[in-house]
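Chemist: any chance you could fold what I've pasted below:
(one chain, ligands or ions: 1)
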Amino acid sequence: MTAYTAIVEKQRRFFKSGKTQPIEFRIEQLETMKRMLKENVDKISDAVYKDIHRSKPQAYCYEVSNVIIEIDYMIDNIADWSKPHPVEKTMMTMLDSPMVKKDPLGVVLIITPWNYPINMAFLPLVPAIAAGNTAIIKPSEIAPHCADVIAEMVAKHFDPEVLAVIKGGVNETTELLKERFDHILYTGAPPVGKLIMAAAAKHLTPVTLELGGKCPVIVEKDADIEIAGKRIAWGKWLNCGQTCLAPDYILTTAEVKPKLVAAMKKAVDSFYEGNPKTHDDYARVINDRHFERLSTLLDKTEGTVLMGGERDKSDLYIQPTILDVKATDAFMQDEIFGPVLPIVTIKSLDEALEHIKDGEKPLAAYIFTN
Ligand code: NAD
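Modeler: Numbers count the residues shown, from 1 in each chain. Coordinates of the predicted model:
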């Protein structure tokens, strides 16, 4: 029996004992999670800064606060959501009392990405625990300080029969995926999502895949261009463009483009007070591999630089950058996941919509219009 099998078996035994079933037990776990996160905000902020150079005051906002909101929302609704719901009778069930009864599944594996390393571990955990499952978190090895904090906090506050953390990279995750789980929640890039689904298929384990994509932004000429520029700049350069919902590229007309670029330049200037490199609010590219990936695209692009373009490998720094590109450009193939924002010029809204529909489904799509 491997160490992983032992952890999974221990959790499965605990689950089968029925101890996770009472609502009171689930609420207690959620309250513990809330207390644990609040107590560890400083440690979390330090770890996020070490891993991704995101400013410490932002950690509460982007890593902790929405998990706490989710926990409170769960606690408020758990009794209602978990009770059986009666369903309409049919000819076949006329003499019965048909209802949908919600049962927890068992042992849930949560595999997380590095870009919001604490948030992405605990947001999926909240419903998993609220629903009466046990869980194992496999944090991303690419944010190692955050993985350490997650493991340390969880070991201190939770019984491993309910919640455990297994650290590791590709090899460890591949081994772990040989175990039989009752559900797998995976957040990350689509190519790895395919591997997770294939591994889960061997046990017929259901999966939830929270993937990425190229999120388009359409800006129409009747929009408030100043506001559009400011909002796009915030969403794009937060966390150095490494946000699943970040604007990936812009579709706009030749008439709007110069005004929009001016508005984004103004916003970037004001956010980072003239110098993103020295400003606390500007994060860094996560590691050498991602820096090289983005650098190769910057070398390959046939687009024109409209803003930024500076890079410094020793500091994993890429300046907030805007490019004017064709729809066939290197930056228009896969999700960018970095601080480069290409603009593709279109003639009409119909052309923009056609372009979006021709591609893979994005995670989000934005439009600025009146
Ligand atoms: P990733 O796919 O590289 O890694 C995610 C996890 O998968 C890590 O824990 C990693 O250890 C594991 N992993 C990596 N390769 C593996 C392999 N070969 N076999 C088994 N496990 C493996 O993703 P990432 O780079 O950490 O995250 C970025 C992606 O996540 C982006 O595409 C982004 O859009 C997406 N994302 C989506 C959401 C959402 O809510 N939809 C949120 C955040 C990030």
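Chemist: next one, pLDDT for the most far-flung residue of the chain relative to its centre please.
Modeler: The C-alpha centroid of the chain is most remote from Leu95, which lies 47.0 Å away (Cα atoms, centre = their mean). With respect to pLDDT, Leu95 scores 96.
Chemist: and it, that one's in a helix?
Modeler: No. Applying DSSP: H, G, I helix; E, B strand; the rest coil, one finds Leu95 to be coil, outside a helix.
Chemist: separation between it and the ligand?
Modeler: 45 Å (Cβ to the nearest ligand atom, to the nearest Å). Bear in mind the C-beta positions are built from the backbone N, C-alpha and C, glycine included.
Chemist: contact partners for that residue?
Modeler: With contact set as Cβ atoms under 8 Å, 6 or more residues apart in numbering, Leu95 has no partners.
Chemist: how near is Gly169 to Glu175?
Modeler: 11 Å (Cβ to Cβ, to the nearest Å).
Chemist: ok, Phe291 next?
Modeler: For Phe291, the distance to Glu175 - Cβ to Cβ - is 29 Å.
Chemist: who's more crowded, Gly169 and Glu175?
Modeler: Higher neighbour count among Gly169 and Glu175: Glu175, with 15 against 12, using other Cβ atoms under 10 Å.
Chemist: was I right about that one contacting Tyr4?
Modeler: Yes. At 6.2 Å, Glu175 and Tyr4 qualify as touching, with contact defined as Cβ atoms under 8 Å.
Chemist: quick check, pLDDT for the closest residue in space to Pro139 that isn't next to it in sequence.
Modeler: Nearest residue to Pro139, sequence neighbours excluded (Cβ to Cβ, 6 or more residues apart in numbering): Ala147, at 3.9 Å. Note for Ala147: predicted pLDDT of 98.
Chemist: helix/strand/coil for Ala147?
Modeler: Ala147 ends up helix, using three-state DSSP.
Chemist: residues contacting it?
Modeler: Contacts of Ala147 by Cβ under 8 Å, 6+ apart are Pro117, Pro139, Ser140, Glu141, Val165, Lys167.
Chemist: out of the residues you listed, which one sits closest to Tyr186?
Modeler: Proximity of the contacts of Ala147 to Tyr186 (Cβ to Cβ) peaks at Ser140, which lies at 11.3 Å.
Chemist: ok, for the closest one, nearest residue in space, not its chain neighbours?
Modeler: Trp114 (3.9 Å).
Chemist: what is the worst-scoring helix or strand of the chain on mean pLDDT packed up against?
Modeler: Ranked by mean pLDDT, DSSP states H and E, the weakest helix or strand in the chain is helix 56-59, scoring a mean of 86. Where contact means 3 or more Cβ pairs under 8 Å, 6 or more residues apart in numbering; DSSP states H and E, helix 56-59 is packed against helix 41-52.
Chemist: any chance you could list what contacts the helix it packs on?
Modeler: 37, 54-60, 63-64, 114-115, 117-118, 142-146, 148-149, 152-153, 239-240, 242, 283-284, 286.
Chemist: would you mark the buried spots in it?
Modeler: Neighbour-count burial for helix 41-52 flags Val41, Lys43, Ile44, Ser45, Asp46, Ala47, Val48, Tyr49, Asp51, Ile52 (criterion: 16 or more other Cβ atoms under 10 Å).
Chemist: and the contacts of helix 41-52 near the ligand, which?
Modeler: Trp114, Asn115, Ile142 (Cβ under 6 Å from any ligand atom).
Chemist: out of these, who's the most crowded?
Modeler: Asn115 (27 neighbours).
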